[in-house]
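Q: give me a model of this one.
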Amino acid sequence: MIASGRIMGRVSLAVALIAWTGLVGVSAALAQKYPEREVRIINPYAPGGSADITGRLLAQKLAEIIGGQFIVENRAGAGGSIGAEAVAKASPDGHTLLYSAAGPLGVNHKLFSRAPAYEPATDFTPIAVVVKTPLVLAATPKLPAKNVKELIELARKEPGKVNFGSPGIGSAPHLTGEMFKSMAKIDIAHVPYKGTGPAMADLVGGHIQIMFDLLPASIQQIKTGTIKALASAGAKRATALPEVPTVSEQGLTGFDTSTWFALVAPANTPKPILARLRSAAAQALKSDDVVKRFAELGSEPGTADEKEARVFIKTEVDKWTEVVRISGAKVD
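A: Numbering: from 1, shown residues only. A predicted model of the protein is given here:
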């Protein structure tokens, strides 16, 4: 009986080993065949912003490393939730991905009265935090204020007359403006646009007075003088604009905000495909041309480590959700 038990145990072990080997073989084959067709990276914002600039750079590098075709497709609306919902409901096969900031990944559920029709915490799987980008407080050259102190004084003298633009409700520039409004205790009006392009055009034309913008999308206008930089919005000065002091340095102590973009996949995407995407993303973020280009834009690469990406995204979503609560911002 003992010998029979040992034989049965060995048989079970052999069967399990064969099954495991088969699964490994299937997984390897699945990863090796990927991608089997065009991979769409959904950018849930309008064309022309920082998401486009960095997202297309990422798509190009993924195509070089993995092979196949990776394209960025803009699908804007509802603060990014329309594009995010499309990805959440897409087939989880690695051929539809989302390139997003914090709004669609959780903040919009607290900002909008009618929550988007997906659950960020369970409907997406992080691949990488691709880039971390500082924001800059930019102003039309027509604005008489030359710094944050003068801007606050102007806003207090004329409540409600200073407008701040943003590329859309729930975007980092919008929520940063709400944070600024709350911390400075001033009354400034939010003017949402459908993307960075039209918002920037109105800032240049003087139709709006200020805008917190992502540095990659505004640095050329700052350097050519079509808009002026009043402050960097992060904890430290932007490397691309070292002469521009932070908001915190100019009186609003503790003001610290930046944004980021993460690449995520629909939940239940096969692990071998996720592993291949993470490996390629990690390689892309360490490549000399990407690091150099991000530095030129005043940004820095993120991480493709799964645990680090998950923790970072959750921490950031919690932070911006708190900004929504404190500011009282709400969209019907």
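Q: thinking Arg332 is in contact with Ala78, fair?
A: Quick fix: residue 332 is Asp, not Arg. No: with contact defined as CB atoms under 8 Å, Asp332 does not count as touching Ala78 (12.0 Å). Any C-beta I mention is one placed from the backbone N, CA and C, and that applies to glycine too.
Q: settle it for me: which of those two has more neighbours?
A: Taking neighbours as other CB atoms under 10 Å, Asp332 and Ala78 compare with Ala78 leading, 20 against 5.
Q: what about Asn268, neighbour count?
A: By other CB under 10 Å, the residues close to Asn268 number 11.
Q: please report how far the closest residue to it other than its chain neighbours lies from Phe124.
A: Nearest non-adjacent residue to Asn268, counting by CB to CB, 6 or more residues apart in numbering: Pro92, 4.3 Å away. Remark: distance between Pro92 and Phe124 (CB to CB, to the nearest Å) = 10 Å.
Q: identify each buried residue in stretch 156-172, please.
A: Val162, Asn163, Phe164, Gly165, Ser166, Pro167, Gly168, Ile169, Gly170, Ser171, Ala172 (16 or more other CB atoms under 10 Å).
Q: who's the fifth one bridged to?
A: When bridges are called by DSSP bridges, Ser166 pairs up with Pro192.
Q: which stretches of the chain aren't confidently modelled?
A: 1-31 (pLDDT under 70).
Q: helices of that one, residue ranges please.
A: 2-33, 50-66, 81-88, 108-111, 120-123, 148-157, 172-184, 196-205, 215-224, 271-286, 288-296, 306-327 (DSSP state H).
Q: now those in a markdown table, with distance to Ala240?
A: Below are those laid out as a markdown table (distance: least, CB to CB, whole Å):
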| stretch | distance to Ala240 |
| --- | --- |
| helix 2-33 | 38 |
| helix 50-66 | 13 |
| helix 81-88 | 28 |
| helix 108-111 | 29 |
| helix 120-123 | 31 |
| helix 148-157 | 19 |
| helix 172-184 | 17 |
| helix 196-205 | 17 |
| helix 215-224 | 6 |
| helix 271-286 | 19 |
| helix 288-296 | 7 |
| helix 306-327 | 22 |
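Q: between those, which one is nearest to Pro245?
A: Nearest to Pro245, of all the helices of the chain, is helix 148-157, at 8.3 Å by CB to CB.
Q: give the contact list for Gly234.
A: For Gly234, the contacting residues are Pro134, Leu135, Thr246, Asp256, Thr257, Ser258, by CB atoms under 8 Å, 6 or more residues apart in numbering.
Q: select from those the one having the most neighbours.
A: That'd be Leu135 among the contacts of Gly234, by other CB under 10 Å, with 27 neighbours.
Q: from what I can see it touches Leu215, true?
A: Yes: the criterion here is CB under 8 Å, and Leu135 meets it with Leu215 at 6.7 Å.
Q: contacting residues for Pro116?
A: Ala78, Ser81, Ala84, Glu85, Pro104, Asn108, His109.
Q: now the spatially closest residue to the fourth one that is not a sequence neighbour: how far from Gly49?
A: So that's Glu85. In space, and not counting its chain neighbours, Glu85 is closest to Tyr118: 5.0 Å by CB to CB, 6+ apart. Separation of Tyr118 from Gly49 (CB to CB) stands at 22 Å.
Q: in terms of neighbours, single out the busier of the two.
A: Higher neighbour count among Tyr118 and Gly49: Gly49, with 27 against 20, using other CB under 10 Å.
Q: which residues sit in contact with the residue lying closest to Ala59 once chain neighbours are set aside?
A: Using CB to CB, 6+ apart and skipping residues adjacent in sequence, the residue nearest Ala59 is Phe70, 4.1 Å away. Residues counted as contacts of Phe70 (CB under 8 Å, 6+ apart) are Pro35, Glu38, Val39, Ile41, Ala59, Gln60, Leu62, Ala63.
Q: now with 6 Å?
A: By CB atoms under 6 Å, 6 or more residues apart in numbering, the contact list for Phe70 reads Val39, Ala59, Leu62, Ala63.
Q: which among these count as buried?
A: Listed as buried from the contacts of Phe70 are Val39, Ala59, Leu62, Ala63; burial here means 16+ other CB under 10 Å.
Q: can I get those residues in JSON lines with distance to Ala295?
A: Shown next, in JSON lines, are the buried ones among the contacts of Phe70 (distance: CB to CB, whole Å):
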{"residue": "Val39", "distance to Ala295": "27"}
{"residue": "Ala59", "distance to Ala295": "20"}
{"residue": "Leu62", "distance to Ala295": "20"}
{"residue": "Ala63", "distance to Ala295": "22"}
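Q: now, which of the residues you listed sits nearest Pro198?
A: Sorting those by how near they are to Pro198, with CB to CB, puts Ala59 at the top with 24.1 Å.
Q: that closest one and Arg40 touch, don't they?
A: No: counting by CB atoms under 6 Å, Ala59 stays clear of Arg40, with 9.5 Å between them.
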